[in-house]
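Novice: Need coordinates for the below:
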Amino acid sequence: MGSAKEQDNSIPLSMWTAVLLIATQSFLFGYCFSSLNPCLVTGSNNSGSDCYSGADDCPKGSIYNDLNLSTIEAQTATSLTVAGGWVGCMIGSYPAEKYGRKLTMLANNLFFIVGSAMAASGNLTALFIGRFILGLGVGIVSVVCPVLLSEIAPEASRGVITTFHQLMLTVAIFMVNIIGFGFVTYVSHGWQYVQGLAIVPALFMLALHSYIPESPKWLIAHATGPFTSASFSATKNPLNGDPDTSLTNPEFAHDARERRLSSSGTSAASDAFFKRAQDTLRRLRNENWDVDAEFHALVAENQKQSRGAGDDQPVSWSEVFACREAMFIGCGLLFFQAFTGINTVVFYSTTIFSLAGFSQAIIGSACWSLLNVIMTGVAAHLIDSAGRRVLLLRGTCVMLAALIVLAAVLLSDHISEKTQGDIAVAAVLVYVAGFAVSLGAVPWTIISEIMPTRPRVKAVSLFLSINWGANLLIGLLTLTAIDSLGGVKSGMDDDAQAKAETKGVGYLYLIFGVLTALCIVFVQVLVPETKGKSPDQLSKPLLNATADGHDETESLVTQHQKSYA
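Specialist: Okay, the predicted model is just below:
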C-alpha cells in the first residue's frame, strides 16, 4: 500500500501477538457456541430421562444426570446462545463505532465471565439465562473481531490475518470436544466444568489488554479535525531516513506537536488520534515498512469515504445501502454460510452420529472438529495466494459431493447400520473439510474487505444478523425437523424410531445439498475476486452511486459478470 519501494511483507512478532490476543475472543466464540454439544450425551437407551432417573448407565459428567432435560429444553438451551448472538450482532456495531473496536472487545469479556458462571451453576433457569448472555458476547465478537483483524492488517497479508478469526473459532470447537470428552466421561458433574472454563480465556485477554491495538482506520476516521500534510510533517518514519525524531525523542515531541497544531489548526484531540494511528502502524509493521506512506493512504481513503457524510455524523442506513452490490454479496455469503448445514454438525454432531449408528459418537465429533482446525489452517495459508473466490468454489463443490453421498447412504434401506454410521462419519468429515476452506474461512475476509471503513461495522452487523437468524432457526428446528422428515410417530418401538430418525437426517442433508448447489451458482455468477485489492480499490467499485445518485464507476460485480459471460 502506498509506496513505490518494495515492502517486506513478513508479519512481525508484535502483529502476531496482537492477532492472537484479538482472536482470543474468536476462541471464546467457538467455545461458548459449541460447549453444550459434548455435554448432551446419553447412555445405551438414548434417553436423557433415563439418565436422570438412573435407569440407564450414562457418562458420569453428562448434563442429563443433573438436569431432566426434554428434547425441547435441550434445543432451547442451545438456541438461546444463538438468540443472544442475534441480538449481540445487532447491538455490537454501535459501541464498536462510537467507543472503538478495542474497548468494545475488552468490555465484551464481561458477558463471557457472567454467562459462563451462570451456565455452570447447575440450575436450569440459570443455564438458560447464562447461555443467552454468552450469546450476546458471541454476537458482538462476530461483528467486531473480523473487522478489527482486517483493519490492522497490511494488504498483502489481510487474508491470513482475518482468517485467524475462523481458525481460533475452530480450535475452540476442537478443544471443547476434547475437554468435554474428558470431563463428561470421567468427572462427576463434568458438564459444569466445561461450561465454566470459558472464564479463563476472558480473564487472560483482560490481563494482556495493553498488547491489543486499536484499529488505525477507526482512529483516523474519528479524528475530529481535518488532516493536512503540514499537520503531520514531523511524523516521517526515522527508519526511512527522515531526520525529524519527534516520535522517538521526547525532547522534541512538544515542539513538533506545537508546530503541527499551529500550522494546520488541527485540534489536540484530532492530532492525538492521528498520532495514535501512526504509532499503531509502526508497532505492527516491520522496521523497513513505509509506515508514512500507508498512513497517508489510509487518511486519503478516509477523506474520500467521508466526503459528503460528515465525520461527526453517525453512519446512516442509507449510507450503508449505498453500497448495494457489496451488501448483496455480504448478505448472500452469510446466508449460505448458515443454510448449507454446518451448524447441524456444530450443535448436534454427537446426536446425529448416534442416530447414524456410529458407536463412538463423541469421538466422531472430536475428529470432525480436529479436521476443521487443520483445513482452516490450510485456508489461512492459501487465501492470499490462491484467492478468495477459488477457495469458495472448490470448497463448496466438495461440500455438495459429500452431502449427496451422506443423504444417499442414510436414505438407503440396503446398508447395515454399522456401514451407514461409518460412511456417514466419513462423508461429514469430507463435508467439514470443504466447508473449512470455503464458507468457513473466506466470508469473514470478504465481508471486511468489500465495505468502506466508515459504514463497515454497521454493514457487518446486518450481514451477521442474517447469519444468526438462520442459525437460530437451525438450532430450534434441527431435531424437530429430523423427526418430521423421517416420519417419527409416538408409539413407535425403539428400532422403528431409530430408522425413522436416520431417514430424517438423510432428508435434512439432502435439503442442505440443494442449498449448497445454489451457493455455488451465487459465487460463480456474483462474487468477484478481492485478493490484492487496496481498501480504496475495493470500496470505490462496489459503491454503485455517488452522493448525487450518478454511477461513479463500473462495479467489480459487473466486471466479473462480463468476464463470466
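
Novice: Work out for me the element the residue nearest in space to the middle of the chain sits within.
Specialist: In the chain, the residue lying closest to the centroid (C-alpha atoms, centre = their mean) is S142, at 4.8 Å. Under the criterion DSSP states H and E, the helix or strand holding S142 is helix 124-152.

Novice: pLDDT on that helix, on average?
Specialist: Helix 124-152 shows a mean pLDDT of 95 in the predicted model.

Novice: Toward the C-terminus from it, list the very next helix or strand.
Specialist: Going down the chain from helix 124-152, the next helix or strand is helix 158-186, by DSSP H and E.

Novice: Point out the other helices and strands that that following helix packs with.
Specialist: helix 13-22, helix 24-34, helix 124-152, helix 190-196, helix 361-382, helix 442-449 (3 or more C-beta pairs under 8 Å, 6 or more residues apart in numbering; DSSP states H and E). No exception for glycine: its C-beta is placed from N, CA and C like everyone else's.

Novice: let's see it at 10 Å
Specialist: helix 13-22, helix 24-34, helix 124-152, helix 190-196, helix 342-355, helix 361-382, helix 442-449 (3 or more C-beta pairs under 10 Å, 6 or more residues apart in numbering; DSSP states H and E).

Novice: Mind putting those into a markdown table with distance to R394?
Specialist: Converted to a markdown table, these look like this (distance: least, C-beta to C-beta, whole Å):
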| stretch | distance to R394 |
| --- | --- |
| helix 13-22 | 26 |
| helix 24-34 | 24 |
| helix 124-152 | 22 |
| helix 190-196 | 35 |
| helix 342-355 | 17 |
| helix 361-382 | 10 |
| helix 442-449 | 11 |
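
Novice: residues contacting the closest residue to I212 other than its chain neighbours?
Specialist: Ranked by C-beta to C-beta, 6 or more residues apart in numbering and with sequence neighbours excluded, the top spatial neighbour of I212 is L21, at 5.0 Å. With contact taken as C-beta atoms under 10 Å, 6 or more residues apart in numbering, L21 is in contact with 105, 204-205, 208-213.

Novice: of those, buried ones?
Specialist: In terms of neighbour count (16 or more other C-beta atoms under 10 Å), the buried residues within the contacts of L21 are 105, 205, 212-213.

Novice: coming back round to it: separation between the residue nearest to I212 and F27?
Specialist: L21 sits 10 Å away from F27, going by C-beta to C-beta, to the nearest Å.

Novice: which neighbours do these two share?
Specialist: Contact criterion C-beta under 10 Å, 6+ apart; residues bridging L21 and F27 by contacting each: 204-205.

Novice: and the next element down the chain from the helix or strand of the chain with the lowest mean pLDDT?
Specialist: Least confident helix or strand, the chain: helix 250-264 with a mean of 42, by mean pLDDT, DSSP states H and E. Past helix 250-264, further along toward the C-terminus, the next helix or strand under DSSP H and E is helix 268-284.

Novice: Off-centre distance for the following helix or strand past that following helix?
Specialist: Heading C-terminal from helix 268-284, the first helix or strand you meet, by DSSP H and E, is helix 291-306. Counting by C-alpha atoms, centre = their mean, to the nearest Å, helix 291-306 is centred 27 Å from the centre of its parent chain.

Novice: tilt between helix 291-306 and helix 124-152?
Specialist: Relative orientation of helix 291-306 and helix 124-152, computed by axes from the mean of the first three to the mean of the last three C-alpha atoms, to 10 degrees: 110 degrees.

Novice: So E529 sits against R389, correct?
Specialist: Yes: taking C-beta atoms under 10 Å as the contact criterion, E529 and R389 are neighbours in contact, 4.6 Å apart.

Novice: Settle it for me: which of these two has more neighbours?
Specialist: The residue with more neighbours, out of E529 and R389 and counting by other C-beta atoms under 10 Å, is R389; that gives 19 against 14.

Novice: pLDDT score for that one?
Specialist: In this model, R389 is scored at 92, pLDDT.

Novice: tell me which element it falls in.
Specialist: Here R389 sits within helix 388-411, counting by DSSP H and E.

Novice: re the thing from before, quick check: the gap between the residue nearest to the centre of the chain and T376.
Specialist: 16 Å.

Novice: And G48, how far from T42?
Specialist: G48 sits 6 Å away from T42 when distances are taken as C-beta to C-beta.

Novice: where do the contact lists of those two overlap?
Specialist: 56, 58, 62-64.

Novice: Now restrict these to buried residues only.
Specialist: Applying 16+ other C-beta under 10 Å to those, the neighbour count classes 56, 58, 62-64 as buried.

Novice: Now, those residues that are in strands?
Specialist: Secondary structure assignment (DSSP state E) places none of these within strands.

Novice: Among these, which one sits closest to P95?
Specialist: For the buried ones among the shared contacts of G48 and T42, the closest approach to P95 (C-beta to C-beta) belongs to I63, at 33.3 Å.

Novice: circling back to that earlier point, right, and the helix or strand after the helix holding R389?
Specialist: With DSSP H and E setting the assignment, the helix or strand that follows helix 388-411 is helix 417-435.

Novice: Show me which of G48 and T42 is the more surrounded one.
Specialist: In terms of neighbours (other C-beta under 10 Å), G48 is the more surrounded of G48 and T42; the figures are 25 against 21.

Novice: OK, contacts around the more buried one?
Specialist: Taking C-beta under 10 Å, 6+ apart as the criterion, G48 is in contact with 40-42, 56, 58, 62-65, 67-71, 73-74.

Novice: repeat that with 8 Å
Specialist: Applying C-beta atoms under 8 Å, 6 or more residues apart in numbering to G48 gives the contacts 40, 42, 64, 68-71, 74.

Novice: Please indicate which of those residues are buried?
Specialist: Restricting the contacts of G48 to buried positions leaves 40, 42, 64, 69, 74, with burial counted as 16+ other C-beta under 10 Å.

Novice: shouldn't the third one be in contact with C58?
Specialist: The reference is to Y64. Yes: in this structure, Y64 sits in contact with C58. The criterion is C-beta atoms under 8 Å, and the distance is 6.0 Å.

Novice: Give me the common contacts of the two.
Specialist: Common neighbours of Y64 and C58, using C-beta under 8 Å, 6+ apart, are 41-42, 51.

Novice: so, if you compare those, which one comes nearest to W289?
Specialist: Using C-beta to C-beta, V41 comes nearest to W289 of the shared contacts of Y64 and C58, at 50.7 Å.

Novice: Next up, the contacts around the closest residue in space to that closest one that isn't next to it in sequence.
Specialist: Closest residue in space to V41, ignoring its immediate chain neighbours: S62 at 4.7 Å, by C-beta to C-beta, 6+ apart. Contacts of S62 were listed using C-beta under 8 Å, 6+ apart, and they are 39-42, 51, 184, 190-191.

Novice: try 7 Å
Specialist: By C-beta atoms under 7 Å, 6 or more residues apart in numbering, S62 lies in contact with 39, 41-42, 51, 184, 191.

Novice: Serialize those to TSV and add fields for pLDDT and distance to W468.
Specialist: What follows is the contacts of S62, written out as TSV (pLDDT from 0 to 100; distance: C-beta to C-beta, whole Å):
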residue	pLDDT	distance to W468
C39	90	22
V41	82	26
T42	82	29
C51	88	31
V184	91	27
W191	95	25
